[in-house]
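# Have a look at this prediction, sequence included:
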Amino acid sequence: MAVQNKVLYAFRGWIAFVAFMDLGTAGRSYIERRSFLSNNVDNEHFDGDFSTSRMLGMYSLLKALALIHCTLYIHYRPVVSMGYWSLTLTIILYFSEAFYYHSTDLNFYIVFPCILNIITLVGLIYLPSKLKLFGSIPGMSGMERDLEDENTQILRQMGNFRRRKAPPKNKHV
């Protein structure tokens, strides 16, 4: 179990690193104002209109927030699914811009994030099921069952506490 926890913590750190990279992309999109998804200055056809860069920045910020939540709540299946889809959409975005729309060259700013996202996606698909983070009850992990058991025990104790009758009070008149 200790090895599984170490692997899980290392992978959570990896996801946090990818989220940090996306925060950097978001910041860079606002600082440089010109998107790296456009391969030449002619693509910025509206003088001073950097909406592509701003949209990429907001998308990167949204993806970073999704991955941060995935890091913190990796034992919840819907949150991991949100991580899958944010990574998948980013890979599709970068590859489609490079190969289908030809709006950018296949450069470091496209290849490096795609490699990071593919590795993270494979890890998100493989590790949670391998480490048995998700329980056999659909949508309920082992941790949730433990919390449910704790809550049930607390409620039982409170029920027993309420059932106890207080000793009769002596009335002095």
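Now that the structure is in, tell me what you want to look at.
# okay, now Thr25: neighbour count?
Neighbourhood size, Thr25 [other C-beta atoms under 10 Å]: 20. (Glycine included, C-beta is placed from N, CA and C.)
# Name the nearest residue to it, ignoring sequence neighbours.
Nearest residue to Thr25, sequence neighbours excluded (C-beta to C-beta, 6 or more residues apart in numbering): Ser60, at 4.2 Å.
# and if you look at Leu116?
Nearest to Leu116 is Val18, by C-beta to C-beta, 6+ apart, at 5.4 Å.
# Okay, buried residues for the host helix or strand of the one you found please.
Using DSSP states H and E, Val18 falls within helix 2-32. The neighbour-count check on helix 2-32 (16 or more other C-beta atoms under 10 Å) flags 8, 11, 14-16, 18-19, 21-23, 25-26, 28-29 as buried.
# so which two of those are the farthest from each other?
Maximum pairwise distance among those (C-beta to C-beta): 31.7 Å, between Leu8 and Ser29.
# Wait, a helix at Val80?
Yes: assessed by DSSP: H, G, I helix; E, B strand; the rest coil, Val80 belongs to a helix.
# Quick check: it vs Arg34, distance?
From Val80 across to Arg34, the span is 34 Å (C-beta to C-beta, to the nearest Å).
# what about the helices in the protein?
Using DSSP state H, the helices of the chain run over residues 2-32, 51-72, 77-95, 108-130, 142-163.
# Compare those and give me the one nearest Ser38.
Closest among the helices of the chain, using C-beta to C-beta: helix 51-72, at 6.5 Å.
# Could you check how many residues crowd around the nearest residue to Phe99 once chain neighbours are set aside?
Distance criterion C-beta to C-beta, 6+ apart; nearest residue to Phe99, sequence neighbours excluded, is Leu106 at 7.9 Å. Burial of Leu106 is recorded as 13 neighbouring residues (other C-beta under 10 Å).
# does Leu106 really touch Ala98, like I thought?
Yes: taking C-beta atoms under 8 Å as the definition, Leu106 is a contact partner of Ala98 at 5.1 Å.
# gap between the residue nearest to Phe99 and Cys114?
With C-beta to C-beta as the criterion, Leu106 and Cys114 are 10 Å apart.
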